[in-house]
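Participant: Predicted coordinates and the sequence they were generated for:
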4 protein chains.
Amino acid sequence: MKLIIANDEKEMSAIAAQHLLGYMYKEERVNLAITGGTSPKGTYEILAPQVKGKPYFSNVHYYNFDEIPYKKEDREGVTLSELRKLYFTPAEISDEFIHPLDQHNYLDQDKRLKEDGGLDVLFLGVGADGHYCGNLPQTTKFGDLTSRVENDDRLKARILPEFNNVEEDVPDYYITMGPRSVMAAKHLIMIATGTKKAAIIERLLNGPVDENVPATLLMLHPNLTLIIDKDAASQLK
Amino acid sequence: MKLIIANDEKEMSAIAAQHLLGYMYKEERVNLAITGGTSPKGTYEILAPQVKGKPYFSNVHYYNFDEIPYKKEDREGVTLSELRKLYFTPAEISDEFIHPLDQHNYLDQDKRLKEDGGLDVLFLGVGADGHYCGNLPQTTKFGDLTSRVENDDRLKARILPEFNNVEEDVPDYYITMGPRSVMAAKHLIMIATGTKKAAIIERLLNGPVDENVPATLLMLHPNLTLIIDKDAASQLK
Amino acid sequence: MKLIIANDEKEMSAIAAQHLLGYMYKEERVNLAITGGTSPKGTYEILAPQVKGKPYFSNVHYYNFDEIPYKKEDREGVTLSELRKLYFTPAEISDEFIHPLDQHNYLDQDKRLKEDGGLDVLFLGVGADGHYCGNLPQTTKFGDLTSRVENDDRLKARILPEFNNVEEDVPDYYITMGPRSVMAAKHLIMIATGTKKAAIIERLLNGPVDENVPATLLMLHPNLTLIIDKDAASQLK
Amino acid sequence: MKLIIANDEKEMSAIAAQHLLGYMYKEERVNLAITGGTSPKGTYEILAPQVKGKPYFSNVHYYNFDEIPYKKEDREGVTLSELRKLYFTPAEISDEFIHPLDQHNYLDQDKRLKEDGGLDVLFLGVGADGHYCGNLPQTTKFGDLTSRVENDDRLKARILPEFNNVEEDVPDYYITMGPRSVMAAKHLIMIATGTKKAAIIERLLNGPVDENVPATLLMLHPNLTLIIDKDAASQLK
């Protein structure tokens, strides 16, 4: 594992963007699975203007690694919508380079990734509870491939804000690449900032591997880069 | 994961040897951790004469990944002794290329491997109970680095044959690279042959990841090659 | 450069086969350009039975790097015919994995290779005059991509034996990947055996780079493995 | 070859810095040979503050690839002095990570680089005459390793400005890694900006390989990235 402690969120975002660019500048096809959410916002703000309109990034293919569909399935799911807003639209990534994972194709996701040459990079955040992608505590198991997770009331309450608190939009299930699928990526780049992540970072770096703290597994990936800021590192000795 | 099903143990041994040679022929330094035991015997019989006296293998460094010391510590431990007999001596590997792990230096093993550039390949077998290296069920945890495992009566009985049933030689503990250390290798090559391994192979390929079946974790390594024979594959669909 | 000196042609053939297998065992797609001629015969005799009928080699794609068409174009060219006889037929490689280069598609060869991800390995011999592929002295220039070379009388005489001395079959031109195309491969594996190659091997290893000795350029490839036997090494100090 | 055309010198500098950072962020040792001169100035201005005081770059080792000693040898040579001023001093790189090439050790340079694991990246500019490092037209040959080049009057006049026009400081020779040494690096990153480089860039991309235009050879490296600005690209079609 490579641990990088940045001074603040802004520096973390720049360093994460440089990591992604390091791969994107390759000559051959590069497959990136990237995360939505608030953590990567700064990274995409740096990336988008550098990628927009650049023919030399036509080797880069993008994947999402989870999806929460709208209950009525009347529009694109939460993750992909968010990725479009944060990155694909400002970076003007055309649809031929975007490979959506959704409720209709999730059973093929692992096979499809393998046929595409595998993920070169999976760029993800981590929750204070140790979740990553849609692998929340008590949902998936370490051995799971891309899966459908049924939403109980706890999960429904949790994702309600993603639907602007419109309860009738909250679906009965969501889709996520499972631990087995995530571990298959060639490089994992995980980011975290802020004191609210300090305890989980300390736990990930010094604690046991435990299915109830899903991201502990990812610490065993042979090519993991963890980019955090000083606040997130504040409980490390 | 790459799964290779050979026709028989002899073909499995040849394929495993070719995998190791594929790395050894590189120009830069290559770090190999190799296994003792009966499974790799055929592999070493193929390798040793090809390696013996060849100056173009002076880039290859060897590591053992576990060690059972003699209780009186009056001679080299069981694993290294066995590796010498099976491979280092017939292949005439000089000591400058052999990096022993033992009861005296095990706390430095993970740091030392990192300083040496990391393991390129870890070549290992798997037990019918899912153990690998010295990671037997109910000994190490998924998050453990190189560790000392205390021998209870069950473990003492189990390793007694390694000491030709001389009870006074059986030590109170042994050393093993832990799951976290093994997962850090760039490539895992696991071998298995025979119907007595058929159930565990089926379990590894189709079952959940479970700390009580230690090798289930290794199935999550992004660069794992599993080389087995038809007998070991006989419970696969 | 990695230089491997085998004891004899048989050992050279085995080592070359192991090099190719080292790539073929990978999980992802592997693109191999392989040579016809007499030098690799022993290598293919070792490879073919190991590859035949093995589903775990379905990631391996094959390319030829030169072609001498029949003048009447009434059958497949000399190189591909020979590769079929030496390797594709005994190894039972199906046509979907064979990507022929010929007089009709040679202008697309470099673009096509790039789209396929580039050559992982180009496996080639070297002539006593320093030629490789169809890059004979006074034909191509160091900067040439895949090219059509016009046959003057000297060249026609030279390739006549490839046509069983039937003059009316000898074409007015042939096709070859040029020096620039060959250098673009990720790994070059060059073989040579016998005392008749001893002078050129000494020249390649110790002499200047010279367009009149085409293979001198390949000595500058950053990932070149040269596998020769003792006879071919007999003029080295 | 990967060709990247930036809008201007500033963007080129940022992209070059990102390329270098992409390597520097790795976990294992990384060996970089970097260039002096004016072309990389913007790159180092971006890099230095990001590298200064960062413990996570302790895996990065630096090499210079040429050196012009002072005639009296009373101080460090021109290249290393310049690299210190441009990068090593502002980035606070300690001497244990700087591996100088000079007139005393140049005969060992190629062997030393190989023992250190080889260069991962060689970052270089190109002159309007096609020179790179100290490989000026009519000095080194394509096959040369690290060499001492004797300064004739033409060369003395050319390097006089590097000595603030103090003639008595101009040495009788200089040191450079030769074409063979440069081609051995795993990745070449070449930069060029401005209309005064437009003709040579067009020549490199579309012309033959010619020892009198030294950088034409580097176009054959299988892992070359060429980063230029629009002005330098202005003669490309």
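Facilitator: Thanks, I have the structure now. Numbers count the residues shown, from 1 in each chain, chains lettered A, B, ... in the order given.

Participant: Apart from its chain neighbours, what residue comes closest to the residue in chain A positioned nearest to chain D?
Facilitator: Using C-beta to the nearest C-beta, the closest approach of chain A to chain D is made by A:G22 at 2.4 Å. In this view, the C-beta of every residue, glycine as well, is placed from N, C-alpha and C. Distance criterion C-beta to C-beta, 6 or more residues apart in numbering or on different chains; nearest residue to A:G22, sequence neighbours excluded, is D:G22 at 2.4 Å.

Participant: just checking, what packs against the strand or helix carrying the one you found?
Facilitator: Per DSSP states H and E, D:G22 falls inside helix D:9-24. Counting contacts by 3 or more C-beta pairs under 8 Å, 6 or more residues apart in numbering or on different chains; DSSP states H and E, helix D:9-24 is packed against helix A:9-24, strand D:2-6, strand D:30-34, helix D:41-51, strand D:121-125, strand D:187-192, strand D:224-229.

Participant: Of all those, which one is nearest A:N59?
Facilitator: helix A:9-24 (7.7 Å; C-beta to C-beta).

Participant: Can I get the closest one as CSV, trimmed to CA atoms?
Facilitator: What follows is helix A:9-24, C-alpha atoms only, in CSV (Å, rounded to 0.1, in the frame of the first residue of the first chain):
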residue,chain,number,x,y,z
GLU,A,9,-8.8,18.4,0.7
LYS,A,10,-7.7,20.6,-2.1
GLU,A,11,-4.2,19.0,-2.2
MET,A,12,-5.8,15.6,-1.9
SER,A,13,-8.0,16.3,-4.9
ALA,A,14,-5.0,17.4,-7.0
ILE,A,15,-3.0,14.3,-6.1
ALA,A,16,-6.0,12.0,-6.9
ALA,A,17,-6.4,13.8,-10.3
GLN,A,18,-2.7,13.3,-11.0
HIS,A,19,-3.0,9.6,-10.2
LEU,A,20,-5.9,9.2,-12.7
LEU,A,21,-4.1,11.2,-15.3
GLY,A,22,-1.0,9.0,-14.9
TYR,A,23,-3.1,6.2,-16.2
MET,A,24,-5.1,8.2,-18.7
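
Participant: Show the average pLDDT along it.
Facilitator: For helix A:9-24, mean pLDDT is 98.

Participant: Pretty sure the residue nearest to A:G22 sits against A:L21.
Facilitator: Yes: assessed by C-beta atoms under 8 Å, D:G22 is found in contact with A:L21 at 6.7 Å.

Participant: quick one: contacts of the helix or strand bottoming out on mean pLDDT in chain A?
Facilitator: When each helix and strand of chain A is scored by mean pLDDT, DSSP states H and E, helix A:153-159 comes last, with a mean of 92. For helix A:153-159, the surrounding residues in contact (C-beta atoms under 8 Å, 6 or more residues apart in numbering or on different chains) are A:68, A:78, A:136, A:139, A:149, A:151, A:170, A:174.

Participant: which residues does the fifth one contact?
Facilitator: Contacts here follow C-beta under 8 Å, 6+ apart; on that basis A:V149 touches A:134, A:136, A:139-140, A:155, A:173-176.

Participant: If you count neighbours, what's buried in the helix holding D:G22?
Facilitator: D:9, D:11-24 (16 or more other C-beta atoms under 10 Å in any protein chain shown).

Participant: Pretty sure A:A91 sits against A:K52.
Facilitator: Yes: between A:A91 and A:K52 there is a contact at 5.1 Å, judged by C-beta under 8 Å.

Participant: Could you check which of these two is surrounded by more residues?
Facilitator: Between A:A91 and A:K52, A:A91 has the larger neighbour count (other C-beta atoms under 10 Å in any protein chain shown), namely 20 against 13.

Participant: residue contacts, the more buried one?
Facilitator: Contacts for A:A91 (C-beta under 8 Å, 6+ apart) come out as A:44, A:47-49, A:51-52.

Participant: Please identify which helix or strand holds it.
Facilitator: Counting by DSSP H and E, A:A91 is found in no helix or strand.

Participant: I'd assumed A:E168 was in contact with A:Y70.
Facilitator: No: judged on C-beta under 8 Å, A:Y70 makes no contact with A:E168 at a distance of 9.5 Å.

Participant: more crowded one of the two?
Facilitator: For A:Y70 versus A:E168, the count of surrounding residues by other C-beta under 10 Å is larger for A:Y70: 17 against 8.

Participant: what's the pLDDT at the more buried one?
Facilitator: Reading off the model, A:Y70 has pLDDT 97.

Participant: Name the nearest residue to it, sequence neighbours excluded.
Facilitator: Closest to A:Y70 by C-beta to C-beta, 6+ apart is A:D169, at 5.2 Å.

Participant: Spell out which residues of chain A are next to chain C.
Facilitator: A:27-29, A:117-118 (C-beta under 8 Å from any C-beta of the partner chain).

Participant: just these now: which is nearest C:Q235?
Facilitator: So of the residues of chain A next to chain C, ranked by how close each gets to C:Q235 (C-beta to C-beta), first place is A:E27, at 38.5 Å.

Participant: got any ranges where chain A has weak pLDDT?
Facilitator: Chain A contains no residues with pLDDT under 70.

Participant: got the residues of it near chain B?
Facilitator: Counting by C-beta under 8 Å from any C-beta, the residues of chain A that sit close to chain B are A:141-143, A:179-180, A:183-186, A:207-210, A:216-217, A:219-223.

Participant: and with 6 Å instead?
Facilitator: Proximity of chain A to chain B, by C-beta under 6 Å from any C-beta of the partner chain, involves residues A:141-143, A:180, A:183-184, A:208-209, A:220, A:222.

Participant: which of these are buried?
Facilitator: A:141-143, A:180, A:183-184, A:209, A:220, A:222.

Participant: Select from those every entry located in helices.
Facilitator: A:180, A:183 (DSSP state H).

Participant: Out of the buried ones among the residues of chain A next to chain B, name the two that are farthest from one another.
Facilitator: Across those, the longest distance by C-beta to C-beta is 21.3 Å; it joins A:K141 and A:P222.

Participant: Test my guess that A:G125 contacts A:T35.
Facilitator: Yes: under the criterion of C-beta atoms under 6 Å, A:G125 makes contact with A:T35 at 5.5 Å.

Participant: Just want to know which of those two has more residues nearby.
Facilitator: A:T35 (25 against 19).

Participant: What parts of chain A come near chain D?
Facilitator: A:2, A:4, A:18-19, A:21-22, A:25, A:27, A:56.

Participant: and if we set it to 10 Å?
Facilitator: Listed as neighbours of chain D in chain A under the rule C-beta under 10 Å from any C-beta of the partner chain: A:1-7, A:11, A:14-15, A:17-28, A:50, A:54-57, A:59, A:189, A:222-225, A:227.

Participant: could you give the angle of the strand or helix carrying A:I200 to strand A:188-192?
Facilitator: Using DSSP H and E, A:I200 falls within helix A:198-206. If you take axes from the mean of the first three to the mean of the last three C-alpha atoms, to 10 degrees, helix A:198-206 sits at 150 degrees to strand A:188-192.
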